[in-house]
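[1] Sequence below, structure please.
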Amino acid sequence: MNRLLRIGGLAGLLSAVLSAPLRVQAQESPYVITYDHYLEEPGSLEVGYFSTLGTQRGGNNFHAGWLELEYGATAWWTTELYLEGQTTFNDSTIFTGFRWENRFRLLQREHFINPMFYIEYEQISEADKIVKEVEGHDVEADHAVPNGISRRGHNHELELKLLLSSNLKGWNVAVNPMATKNLLPSGTWEFGYAAGVSRPLALKASAQKCNFCRENFSAGVEMYGGLGDTVSPGLHETSQYLAPAVAWNLPSGWTFRVSPGFGLNDNSHRLLMRWGVSREFSGFGETLGRLLGGHR
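    Predicted coordinates for the structure are as follows:
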C-alpha cells in the first residue's frame with residue numbers, strides 16, 4: 001500500500017508540473033556559454049537539454065549532450081544540476097559525469113554593472129566533451145583520445161566565476177572571468193573567460209500574441225577561450241572561439257537556442273555546433289511542497 005501511495009504521489013507530481021502555469025518572463029538570452037545577471041524565479045524549475053556537435057582533426061567527430069535542471073531556490077540564489085554524456089562516432093557512447101552549479105546575486109537592485117558570484121563542483125571523466133567552458137590549456141587534441149582510454153581519468157574540480165552583466169538601451173553586455181582548480185593537492189589553477197553581447201530583435205511587444213513576432217527572437221555573439229594556468233598564464237597553447245547565437249522564445253514557454261562556434265586558432269576545433277531547448281515550470285516548489293504534505 002505504501003508503495004502504491006508513493007507511486008501515486010510521483011505520478012501526481014509529474015502531472016502537476018506538466019500542467020503548471022508558465023511564468024510570464026523577460027526574454028531568455030541567446031547565450032549558451034556566457035551568463036548574464038538574471039536568476040531563476042524563486043520556486044520555478046527550468047528543464048533543458050543542450051547539445052554540442054564537434055569536428056575533430058586527428059580523431060573522430062563527436063556529439064555531447066547535457067541535461068540541465070535549474071531551480072530558483074531564493075531571489076538571490078539559483079542552483080542547477082547537469083548530467084552529461086557523449087557519443088564519439090566510430091567509438092562508443094558513455095556517461096561522463098555531473099556538475100552542481102550555484103549562482104548568487106551580490107547586489108539586491110539593478111545597477112549599471114551587476115555582479116554575481118558563481119561556484120560549481122564538477123565530477124566528470126576526461127572523456128567529457130560538452131565543452132561548456134574552455135579553460136587553461138584546453139585544446140582540440142584533448143578530445144581525440146579514444147573513449148576507452150580517456151574515461152579512465154576522473155576530474156574533481158571547483159570552478160569559480162565572477163559574472164558581470166550590464167543592460168543599455170536593449171543591449172546586454174556580459175563578461176565572465178573564470179578560475180578552475182582540480183581538487184587534487186597537485187592541481188593548479190586554470191583560467192578562462194567568456195563574453196557576450198546580445199539584443200532582442202524588437203523591444204516592444206506586438207498587440208497580438210504570435211510565435212514569429214520579432215520580439216520573440218534575440219541574437220548575439222559570444223567569445224570564449226582559455227587563459228593558461230598558474231604555471232604558464234596567457235594565450236600560448238590555448239583554444240579560442242567566436243560564436244554567433246540566436247534564441248527563439250515561444251509564448252508557450254519553450255526556448256530554442258542555436259549557436260555555431262568557430263575556432264580562432266590552430267588549437268581550436270574548427271566547429272562546435274550547439275543547440276538547446278528548455279522550458280520553465282512556474283510554481284514547482286509550491287507544487288512539490290503541497291504534494292509532500294507541506295500544505296494541507
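[2] what about the closest residue to residue 193 other than its chain neighbours, how many residues close to it?
    In space, and not counting its chain neighbours, residue 193 is closest to residue 177: 5.4 Å by Cβ to Cβ, 6 or more residues apart in numbering. For glycine as for every other residue, the C-beta is placed from the backbone atoms N, C-alpha and C. Counted with other Cβ atoms under 10 Å, residues neighbouring residue 177 total 15.
[3] correct me, but residue 177 touches residue 163?
    No: the criterion here is Cβ atoms under 8 Å, and residue 177 misses it with residue 163 at 9.1 Å.
[4] confidence score at the residue nearest to residue 193?
    Listed pLDDT for residue 177 reads 98.
[5] Over to the one 10 residues further on?
    pLDDT, residue 187: 83.
[6] Kindly report the same for residue 26.
    54.
[7] Residue 131 contacts residue 268, correct?
    No: using Cβ under 8 Å, residue 131 is not in contact with residue 268, being 10.2 Å away.
[8] any common contacting residues for these two?
    With contacts defined as Cβ atoms under 8 Å, 6 or more residues apart in numbering, no residue is shared by residue 131 and residue 268.
[9] got a list of what residue 247 touches?
    With the criterion set at Cβ under 8 Å, 6+ apart, residue 247 makes contact with 27-30, 217-219, 255-257.
[10] change it to 6 Å
    Listed by Cβ atoms under 6 Å, 6 or more residues apart in numbering, the contact partners of residue 247 are 28, 30, 218, 257.
[11] Residue 281 and residue 252, how far apart?
    The spacing between residue 281 and residue 252, counted by Cβ to Cβ, to the nearest Å, is 12 Å.
[12] okay, these two: which has more neighbours?
    A direct count of neighbours by other Cβ under 10 Å for residue 281 and residue 252 places residue 281 higher, at 22 against 9.
[13] wait, isn't that one in contact with residue 47?
    No: Residue 281 is not in contact with residue 47 according to Cβ atoms under 6 Å; the separation is 7.2 Å.
[14] where do the contact lists of the two overlap?
    With Cβ under 6 Å, 6+ apart as the test, residue 281 and residue 47 reach no residue in common.
[15] Show me the beta-bridge partners of residue 166.
    Residues found in beta-bridge contact with residue 166 (criterion: DSSP bridges) are residue 173.
[16] tell me the contacts of it?
    So residue 166 contacts 112-113, 173 (Cβ under 6 Å, 6+ apart).
[17] Tell me the helix or strand right after the helix or strand hosting residue 245.
    Taking DSSP states H and E as the criterion, residue 245 maps to strand 240-249. Next along the chain after strand 240-249, taking DSSP H and E as the criterion, comes strand 254-263.
[18] counting contacts, what elements does that next one pack onto?
    strand 240-249, strand 271-281 (3 or more Cβ pairs under 6 Å, 6 or more residues apart in numbering; DSSP states H and E).
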